[in-house]
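A.B. asks: My questions are about this predicted structure, shown below with the sequence.
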Amino acid sequence: MVESKWPLLSVEEAKRIVRDQVRPLEVVEVPFDRAQGLVLAEDVRAAEPMPPFPASAKDGFAVVADDTTEWRRIVGEQFAGYQADLRVEPGTAVRVTTGAPIPPGADAVIMVEFSEVRDGFVRFRRRVEPGADIRPPGQDIAQGQRVVAAGTVLGPAEIGLLATVGATAVRVYRRPRVGVMSTGNELVQPDEQPGPGQIRDANRFSLMAAVRNAGAEAFDMGLAPDTLEALEAFVREGLEKYDVIVTSGGVSMGELDLVKPLLERLGTVHFGRVSVKPGKPVTFATALGKHVFAMPGFPVSSLVAFEVFARPALLLMAGWPAERVERPRVPAVLDHDVHHTAARTEYQRAVVRFNRDDGRFHATTTGFQGSGRLLSMVGANALLELPEGRDHFRAGDVVEALLVGAVRT
(Lines give C-alpha, C1' and ligand atoms only; values in the text may rest on other atoms or scores of the structure.)
Protein backbone atom coordinates (compact mmCIF):
# COMPACT_ATOMS: atom_id res chain seq x y z
CA MET A 1 0.00 0.00 0.00
CA VAL A 2 1.43 3.38 -1.02
CA GLU A 3 1.85 5.74 1.93
CA SER A 4 1.55 9.49 1.61
CA LYS A 5 4.66 11.43 2.54
CA TRP A 6 2.57 14.22 3.97
CA PRO A 7 1.97 14.10 7.74
CA LEU A 8 -1.65 14.00 8.81
CA LEU A 9 -2.23 17.26 10.70
CA SER A 10 -5.06 18.07 13.04
CA VAL A 11 -7.61 20.63 11.93
CA GLU A 12 -6.40 23.13 14.52
CA GLU A 13 -2.75 22.73 13.49
CA ALA A 14 -3.61 23.23 9.83
CA LYS A 15 -5.66 26.33 10.66
CA ARG A 16 -2.78 27.70 12.75
CA ILE A 17 -0.39 27.27 9.81
CA VAL A 18 -2.74 29.19 7.54
CA ARG A 19 -3.05 32.02 10.08
CA ASP A 20 0.73 32.21 10.47
CA GLN A 21 1.30 32.47 6.71
CA VAL A 22 -1.41 34.93 5.71
CA ARG A 23 -1.10 38.70 5.99
CA PRO A 24 -3.44 41.56 5.07
CA LEU A 25 -3.07 42.95 1.57
CA GLU A 26 -1.99 46.51 0.89
CA VAL A 27 -4.06 49.53 1.82
CA VAL A 28 -5.76 51.53 -0.93
CA GLU A 29 -7.85 54.70 -0.97
CA VAL A 30 -11.35 54.42 -2.41
CA PRO A 31 -14.46 56.61 -2.57
CA PHE A 32 -16.55 56.01 0.53
CA ASP A 33 -19.59 54.94 -1.47
CA ARG A 34 -17.60 52.14 -3.08
CA ALA A 35 -16.21 50.81 0.19
CA GLN A 36 -19.09 48.60 1.29
CA GLY A 37 -17.83 45.26 2.58
CA LEU A 38 -14.23 46.46 2.78
CA VAL A 39 -12.26 46.80 6.02
CA LEU A 40 -11.24 50.23 7.22
CA ALA A 41 -7.46 50.56 7.64
CA GLU A 42 -7.42 53.65 9.87
CA ASP A 43 -9.76 55.46 12.25
CA VAL A 44 -12.16 58.04 10.88
CA ARG A 45 -12.86 61.02 13.15
CA ALA A 46 -15.38 63.82 12.91
CA ALA A 47 -13.96 67.19 11.89
CA GLU A 48 -17.04 68.99 13.26
CA PRO A 49 -19.86 68.31 15.72
CA MET A 50 -23.16 66.80 14.64
CA PRO A 51 -25.50 68.53 14.67
CA PRO A 52 -23.25 71.54 14.04
CA PHE A 53 -25.85 73.95 15.51
CA PRO A 54 -28.76 73.78 17.99
CA ALA A 55 -31.50 72.05 16.01
CA SER A 56 -35.17 71.33 16.50
CA ALA A 57 -36.00 67.71 17.23
CA LYS A 58 -39.66 68.15 16.31
CA ASP A 59 -42.05 70.13 14.14
CA GLY A 60 -43.45 72.93 16.30
CA PHE A 61 -42.59 76.36 17.65
CA ALA A 62 -39.36 77.76 19.04
CA VAL A 63 -40.15 79.66 22.23
CA VAL A 64 -38.77 81.07 25.47
CA ALA A 65 -39.63 78.32 27.93
CA ASP A 66 -40.40 80.64 30.87
CA ASP A 67 -42.62 82.97 28.81
CA THR A 68 -46.11 83.18 30.35
CA THR A 69 -47.75 85.14 27.52
CA GLU A 70 -51.01 83.40 26.54
CA TRP A 71 -51.08 84.36 22.86
CA ARG A 72 -47.67 84.77 21.31
CA ARG A 73 -47.08 86.51 18.00
CA ILE A 74 -45.61 84.26 15.25
CA VAL A 75 -42.73 86.33 13.92
CA GLY A 76 -41.67 83.97 11.14
CA GLU A 77 -40.80 80.49 10.02
CA GLN A 78 -37.48 78.66 10.29
CA PHE A 79 -37.20 75.64 8.03
CA ALA A 80 -34.31 73.22 7.73
CA GLY A 81 -31.49 74.08 5.34
CA TYR A 82 -30.84 77.78 6.03
CA GLN A 83 -30.63 80.34 8.86
CA ALA A 84 -33.46 82.89 8.88
CA ASP A 85 -32.94 86.41 10.28
CA LEU A 86 -35.28 85.88 13.21
CA ARG A 87 -35.14 86.26 16.98
CA VAL A 88 -37.45 84.90 19.67
CA GLU A 89 -38.36 87.11 22.63
CA PRO A 90 -41.06 86.82 25.31
CA GLY A 91 -44.42 87.20 23.64
CA THR A 92 -43.23 85.75 20.31
CA ALA A 93 -42.65 82.35 18.72
CA VAL A 94 -41.13 81.04 15.50
CA ARG A 95 -42.54 78.11 13.58
CA VAL A 96 -39.78 75.46 13.12
CA THR A 97 -39.48 72.13 11.38
CA THR A 98 -37.51 69.05 12.40
CA GLY A 99 -33.78 69.64 11.89
CA ALA A 100 -34.13 73.41 11.54
CA PRO A 101 -31.71 75.75 13.36
CA ILE A 102 -33.07 77.19 16.61
CA PRO A 103 -33.47 80.98 16.27
CA PRO A 104 -31.51 83.14 18.71
CA GLY A 105 -33.38 83.83 21.95
CA ALA A 106 -35.34 80.55 21.93
CA ASP A 107 -34.49 77.87 24.46
CA ALA A 108 -37.22 75.28 23.86
CA VAL A 109 -39.50 73.80 21.23
CA ILE A 110 -43.18 73.06 21.79
CA MET A 111 -44.59 70.43 19.45
CA VAL A 112 -47.20 71.51 16.96
CA GLU A 113 -49.66 69.02 18.47
CA PHE A 114 -49.91 71.21 21.60
CA SER A 115 -50.51 74.49 19.77
CA GLU A 116 -53.49 76.50 18.58
CA VAL A 117 -52.90 79.08 15.84
CA ARG A 118 -55.22 82.03 15.20
CA ASP A 119 -54.67 85.18 13.10
CA GLY A 120 -50.87 85.08 13.29
CA PHE A 121 -50.74 84.19 16.99
CA VAL A 122 -50.25 80.91 18.80
CA ARG A 123 -51.05 79.62 22.25
CA PHE A 124 -50.01 76.36 23.85
CA ARG A 125 -51.81 73.72 25.90
CA ARG A 126 -48.71 72.82 27.92
CA ARG A 127 -45.53 74.31 29.27
CA VAL A 128 -42.06 72.94 28.60
CA GLU A 129 -38.71 73.08 30.37
CA PRO A 130 -35.70 74.87 28.87
CA GLY A 131 -33.94 72.63 26.37
CA ALA A 132 -37.08 70.68 25.46
CA ASP A 133 -36.84 69.11 21.97
CA ILE A 134 -33.65 70.96 21.11
CA ARG A 135 -30.70 68.91 19.91
CA PRO A 136 -27.54 70.66 21.15
CA PRO A 137 -24.39 70.81 18.97
CA GLY A 138 -22.46 67.55 19.17
CA GLN A 139 -25.37 65.57 20.64
CA ASP A 140 -24.91 62.84 18.03
CA ILE A 141 -21.20 63.22 17.26
CA ALA A 142 -18.64 65.33 19.10
CA GLN A 143 -15.91 67.16 17.21
CA GLY A 144 -12.85 64.92 16.99
CA GLN A 145 -14.82 61.83 18.03
CA ARG A 146 -13.85 58.52 16.41
CA VAL A 147 -16.90 57.54 14.40
CA VAL A 148 -15.59 54.42 12.65
CA ALA A 149 -12.64 52.43 13.99
CA ALA A 150 -9.88 50.79 12.00
CA GLY A 151 -10.72 47.14 11.47
CA THR A 152 -14.42 47.82 10.93
CA VAL A 153 -16.12 46.04 8.05
CA LEU A 154 -18.01 48.85 6.32
CA GLY A 155 -21.74 48.25 6.10
CA PRO A 156 -24.78 50.49 5.46
CA ALA A 157 -24.60 52.32 8.82
CA GLU A 158 -20.86 52.92 8.50
CA ILE A 159 -21.21 54.21 4.93
CA GLY A 160 -23.86 56.64 6.18
CA LEU A 161 -21.57 57.81 8.98
CA LEU A 162 -18.75 58.42 6.52
CA ALA A 163 -21.09 60.59 4.47
CA THR A 164 -22.24 62.40 7.62
CA VAL A 165 -18.71 63.47 8.59
CA GLY A 166 -17.62 64.20 5.01
CA ALA A 167 -15.12 61.33 4.78
CA THR A 168 -15.53 61.01 1.03
CA ALA A 169 -12.35 58.96 0.53
CA VAL A 170 -11.26 56.25 2.95
CA ARG A 171 -8.25 53.99 3.32
CA VAL A 172 -9.18 50.32 3.26
CA TYR A 173 -7.59 46.94 2.69
CA ARG A 174 -8.25 45.82 -0.84
CA ARG A 175 -10.17 42.67 -1.66
CA PRO A 176 -8.16 39.53 -2.48
CA ARG A 177 -8.19 38.57 -6.16
CA VAL A 178 -8.74 34.83 -6.35
CA GLY A 179 -8.28 32.65 -9.42
CA VAL A 180 -10.30 29.44 -9.38
CA MET A 181 -9.49 26.42 -11.54
CA SER A 182 -10.41 22.77 -11.87
CA THR A 183 -8.22 19.86 -12.91
CA GLY A 184 -9.17 16.59 -14.52
CA ASN A 185 -9.53 15.31 -18.08
CA GLU A 186 -12.91 13.89 -17.13
CA LEU A 187 -14.38 17.37 -16.73
CA VAL A 188 -16.38 19.31 -19.32
CA GLN A 189 -18.05 22.70 -19.18
CA PRO A 190 -21.58 22.90 -17.71
CA ASP A 191 -23.09 23.67 -21.12
CA GLU A 192 -21.52 20.57 -22.72
CA GLN A 193 -22.96 17.10 -22.96
CA PRO A 194 -20.57 14.74 -21.11
CA GLY A 195 -19.17 11.86 -23.11
CA PRO A 196 -18.39 8.39 -21.76
CA GLY A 197 -16.48 8.70 -18.48
CA GLN A 198 -16.97 12.48 -18.31
CA ILE A 199 -18.86 14.77 -15.90
CA ARG A 200 -19.70 18.46 -15.87
CA ASP A 201 -17.43 20.66 -13.77
CA ALA A 202 -19.33 21.96 -10.73
CA ASN A 203 -16.54 22.66 -8.28
CA ARG A 204 -15.15 25.69 -10.09
CA PHE A 205 -18.48 27.47 -9.97
CA SER A 206 -19.37 26.58 -6.39
CA LEU A 207 -15.89 27.67 -5.27
CA MET A 208 -16.15 30.98 -7.14
CA ALA A 209 -19.48 31.57 -5.39
CA ALA A 210 -17.84 30.75 -2.05
CA VAL A 211 -15.01 33.18 -2.83
CA ARG A 212 -17.51 35.96 -3.55
CA ASN A 213 -19.44 35.14 -0.36
CA ALA A 214 -16.18 35.68 1.51
CA GLY A 215 -15.99 39.21 0.08
CA ALA A 216 -13.17 38.49 -2.38
CA GLU A 217 -13.08 38.85 -6.16
CA ALA A 218 -13.39 35.55 -8.04
CA PHE A 219 -11.86 34.93 -11.47
CA ASP A 220 -12.54 31.90 -13.63
CA MET A 221 -9.26 30.28 -14.71
CA GLY A 222 -11.08 27.46 -16.48
CA LEU A 223 -10.14 23.80 -16.78
CA ALA A 224 -6.46 23.01 -16.30
CA PRO A 225 -4.59 20.45 -18.41
CA ASP A 226 -3.50 17.12 -16.94
CA THR A 227 0.15 17.20 -18.00
CA LEU A 228 2.75 18.58 -15.61
CA GLU A 229 4.36 20.98 -18.10
CA ALA A 230 1.08 22.44 -19.31
CA LEU A 231 -0.28 22.61 -15.77
CA GLU A 232 2.81 24.48 -14.60
CA ALA A 233 2.45 27.11 -17.30
CA PHE A 234 -1.24 27.41 -16.45
CA VAL A 235 -0.58 27.87 -12.72
CA ARG A 236 2.33 30.28 -13.25
CA GLU A 237 0.11 32.55 -15.30
CA GLY A 238 -2.51 32.50 -12.55
CA LEU A 239 0.04 33.30 -9.86
CA GLU A 240 1.13 36.36 -11.83
CA LYS A 241 -2.45 37.66 -12.01
CA TYR A 242 -4.03 36.77 -8.67
CA ASP A 243 -3.30 36.96 -4.96
CA VAL A 244 -4.60 33.45 -4.33
CA ILE A 245 -5.33 30.41 -6.45
CA VAL A 246 -7.96 27.88 -5.44
CA THR A 247 -7.86 24.55 -7.27
CA SER A 248 -10.01 21.46 -7.10
CA GLY A 249 -8.91 17.94 -7.92
CA GLY A 250 -5.47 16.51 -8.47
CA VAL A 251 -4.38 16.37 -4.82
CA SER A 252 -4.82 12.67 -4.02
CA MET A 253 -2.26 9.95 -4.82
CA GLY A 254 -3.11 8.89 -8.37
CA GLU A 255 -0.68 9.09 -11.26
CA LEU A 256 -2.43 12.16 -12.65
CA ASP A 257 -2.70 13.95 -9.30
CA LEU A 258 -0.11 16.55 -10.24
CA VAL A 259 -0.96 19.53 -8.08
CA LYS A 260 1.12 18.72 -4.98
CA PRO A 261 4.31 17.88 -6.95
CA LEU A 262 3.90 21.08 -8.94
CA LEU A 263 3.46 23.21 -5.83
CA GLU A 264 6.59 21.65 -4.35
CA ARG A 265 8.52 22.71 -7.46
CA LEU A 266 7.17 26.24 -7.37
CA GLY A 267 7.36 26.92 -3.64
CA THR A 268 6.56 25.45 -0.23
CA VAL A 269 3.77 23.05 0.63
CA HIS A 270 2.80 23.92 4.20
CA PHE A 271 0.52 20.91 4.58
CA GLY A 272 -0.74 18.21 2.27
CA ARG A 273 -3.14 16.23 4.46
CA VAL A 274 -5.46 17.08 7.32
CA SER A 275 -7.30 14.73 9.64
CA VAL A 276 -10.67 15.99 8.47
CA LYS A 277 -13.73 14.44 6.84
CA PRO A 278 -14.54 15.38 4.17
CA GLY A 279 -11.42 16.98 2.68
CA LYS A 280 -8.47 14.91 3.93
CA PRO A 281 -6.14 15.69 0.93
CA VAL A 282 -6.62 19.48 1.24
CA THR A 283 -3.34 21.26 0.54
CA PHE A 284 -2.04 24.71 1.39
CA ALA A 285 1.08 26.10 -0.25
CA THR A 286 2.95 29.30 -1.03
CA ALA A 287 4.26 29.50 -4.59
CA LEU A 288 5.97 32.43 -6.26
CA GLY A 289 4.97 34.55 -3.28
CA LYS A 290 1.25 33.78 -3.59
CA HIS A 291 -0.99 31.40 -1.64
CA VAL A 292 -2.59 28.30 -3.13
CA PHE A 293 -5.42 26.26 -1.63
CA ALA A 294 -5.72 22.95 -3.44
CA MET A 295 -9.04 21.28 -2.71
CA PRO A 296 -10.08 17.66 -3.23
CA GLY A 297 -12.12 16.80 -6.29
CA PHE A 298 -15.31 15.66 -4.58
CA PRO A 299 -17.67 18.64 -4.50
CA VAL A 300 -18.59 18.47 -0.81
CA SER A 301 -14.96 17.92 0.20
CA SER A 302 -14.03 20.95 -1.87
CA LEU A 303 -16.60 23.28 -0.30
CA VAL A 304 -16.10 22.10 3.27
CA ALA A 305 -12.32 22.45 2.99
CA PHE A 306 -12.77 25.94 1.56
CA GLU A 307 -15.08 26.87 4.43
CA VAL A 308 -12.74 25.59 7.14
CA PHE A 309 -9.35 26.65 5.75
CA ALA A 310 -9.59 29.08 2.82
CA ARG A 311 -12.43 31.38 3.86
CA PRO A 312 -10.71 32.58 7.07
CA ALA A 313 -7.53 33.18 5.07
CA LEU A 314 -9.31 35.39 2.54
CA LEU A 315 -10.89 37.41 5.34
CA LEU A 316 -7.49 37.88 7.00
CA MET A 317 -6.04 39.06 3.69
CA ALA A 318 -8.93 41.53 3.40
CA GLY A 319 -7.97 43.04 6.76
CA TRP A 320 -10.56 41.40 9.00
CA PRO A 321 -9.54 41.17 12.68
CA ALA A 322 -8.33 37.63 13.46
CA GLU A 323 -10.98 37.13 16.12
CA ARG A 324 -13.77 37.64 13.57
CA VAL A 325 -12.73 35.39 10.70
CA GLU A 326 -14.17 32.18 12.16
CA ARG A 327 -17.84 31.33 11.84
CA PRO A 328 -19.92 31.73 15.01
CA ARG A 329 -20.39 28.52 16.98
CA VAL A 330 -23.37 27.39 19.01
CA PRO A 331 -24.07 24.24 21.03
CA ALA A 332 -26.75 22.27 19.20
CA VAL A 333 -28.89 19.38 20.42
CA LEU A 334 -29.03 16.50 17.94
CA ASP A 335 -32.57 15.56 16.97
CA HIS A 336 -31.46 12.10 15.82
CA ASP A 337 -28.55 9.68 16.03
CA VAL A 338 -25.47 10.64 13.99
CA HIS A 339 -22.86 8.14 12.84
CA HIS A 340 -19.28 9.34 12.81
CA THR A 341 -15.84 7.84 12.19
CA ALA A 342 -13.70 8.52 15.26
CA ALA A 343 -10.43 8.67 13.31
CA ARG A 344 -10.97 12.19 11.95
CA THR A 345 -12.75 15.43 12.77
CA GLU A 346 -15.88 15.43 10.65
CA TYR A 347 -18.07 18.27 9.45
CA GLN A 348 -21.60 17.08 8.78
CA ARG A 349 -23.99 19.36 6.96
CA ALA A 350 -27.07 20.24 8.97
CA VAL A 351 -30.01 22.54 9.51
CA VAL A 352 -29.92 24.25 12.89
CA ARG A 353 -33.06 25.79 14.37
CA PHE A 354 -33.66 27.68 17.60
CA ASN A 355 -36.37 26.03 19.68
CA ARG A 356 -38.30 28.67 21.63
CA ASP A 357 -39.84 26.05 23.90
CA ASP A 358 -36.58 24.93 25.50
CA GLY A 359 -34.38 27.91 24.54
CA ARG A 360 -31.82 25.71 22.78
CA PHE A 361 -30.46 25.18 19.28
CA HIS A 362 -31.42 21.90 17.62
CA ALA A 363 -29.73 20.23 14.65
CA THR A 364 -30.88 17.84 11.94
CA THR A 365 -28.43 16.61 9.32
CA THR A 366 -29.25 16.90 5.62
CA GLY A 367 -29.29 13.16 4.98
CA PHE A 368 -26.60 11.01 3.40
CA GLN A 369 -23.27 12.73 4.00
CA GLY A 370 -21.24 11.34 1.10
CA SER A 371 -18.42 13.55 -0.22
CA GLY A 372 -19.86 13.50 -3.72
CA ARG A 373 -23.42 14.41 -2.70
CA LEU A 374 -23.60 18.16 -3.21
CA LEU A 375 -27.27 18.01 -2.25
CA SER A 376 -26.11 17.59 1.34
CA MET A 377 -24.90 21.22 1.24
CA VAL A 378 -28.13 22.59 -0.22
CA GLY A 379 -30.24 24.20 2.49
CA ALA A 380 -27.65 23.59 5.20
CA ASN A 381 -27.03 26.51 7.54
CA ALA A 382 -24.46 24.77 9.73
CA LEU A 383 -21.57 22.35 9.82
CA LEU A 384 -21.65 20.04 12.82
CA GLU A 385 -18.11 19.62 14.12
CA LEU A 386 -17.76 16.02 15.29
CA PRO A 387 -14.35 15.62 16.96
CA GLU A 388 -11.87 12.81 16.72
CA GLY A 389 -11.99 10.10 19.36
CA ARG A 390 -15.70 9.34 19.43
CA ASP A 391 -17.50 7.23 16.89
CA HIS A 392 -21.23 7.90 17.29
CA PHE A 393 -23.54 10.51 18.72
CA ARG A 394 -27.06 9.90 19.97
CA ALA A 395 -30.22 11.96 19.78
CA GLY A 396 -30.09 14.48 22.61
CA ASP A 397 -26.30 14.80 22.57
CA VAL A 398 -24.92 18.33 22.25
CA VAL A 399 -22.37 19.08 19.53
CA GLU A 400 -20.69 22.24 18.25
CA ALA A 401 -22.30 23.79 15.18
CA LEU A 402 -20.53 26.26 12.89
CA LEU A 403 -23.22 28.59 11.59
CA VAL A 404 -22.77 29.23 7.88
CA GLY A 405 -26.23 30.71 7.35
CA ALA A 406 -29.19 32.26 9.13
CA VAL A 407 -30.72 30.26 11.99
CA ARG A 408 -34.36 29.39 11.69
CA THR A 409 -36.93 29.21 14.47
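C.D. replies: Here it is on my side, so go on. Numbering: from 1, shown residues only.

A.B. asks: Show me what stretch 122-142 is in contact with.
C.D. replies: Under the criterion Cβ atoms under 8 Å, 6 or more residues apart in numbering, residues 46, 49-58, 60-61, 63, 65-66, 70-72, 74, 93, 102, 107-111, 114-116, 147, 164-165 lie in contact with stretch 122-142. C-beta here means a position set from N, CA and C on the backbone, and glycine is covered the same way.

A.B. asks: Just the buried residues of those residues.
C.D. replies: Among those, those that count as buried by neighbour count (16 or more other Cβ atoms under 10 Å) are 46, 49-51, 54-58, 60-61, 63, 65, 72, 74, 93, 102, 107-111, 115, 147, 165.

A.B. asks: Just these: which are in strands?
C.D. replies: Taking DSSP state E as the definition of strands, those contribute 55-56, 60-61, 63, 72, 74, 93, 108-111, 115, 147.

A.B. asks: per-domain residue ranges of the protein.
C.D. replies: Split into domains by automatic domain parsing, the chain comes to 11-25+175-324, 29-49+141-173, 55-135, 329-403.

A.B. asks: Deepest-packed of those, please.
C.D. replies: Each of the domains of the chain was scored by mean neighbour count; the highest is domain 11-25+175-324, a mean of 19, by mean count of other Cβ atoms under 10 Å.

A.B. asks: so what's the backbone phi/psi at Arg273?
C.D. replies: Taking degrees, to the nearest 10, you get phi -150, psi 140 for the backbone angles of Arg273.

A.B. asks: Quick one: find the helix or strand in this protein with the lowest mean pLDDT.
C.D. replies: strand 187-188 (a mean of 88; mean pLDDT, DSSP states H and E).

A.B. asks: Which secondary structure elements does that strand sit against?
C.D. replies: Using 3 or more Cβ pairs under 8 Å, 6 or more residues apart in numbering; DSSP states H and E as the contact definition, the elements that strand 187-188 packs against are strand 199-200.

A.B. asks: Can you list the strands that the strand it packs on pairs with?
C.D. replies: According to DSSP bridges, strand 199-200 has the following sheet partners: strand 187-188 (parallel).

A.B. asks: Which elements pack onto the longest helix seen in the chain?
C.D. replies: Identified as the longest helix of the chain according to DSSP state H is helix 228-241. In terms of contacts (3+ Cβ pairs under 8 Å, 6+ apart), helix 228-241 is packed against strand 177-183, strand 217-224, strand 244-248, helix 259-266, strand 290-295.

A.B. asks: Rounded mean pLDDT for it, please.
C.D. replies: Mean pLDDT, computed over helix 228-241, is 93.
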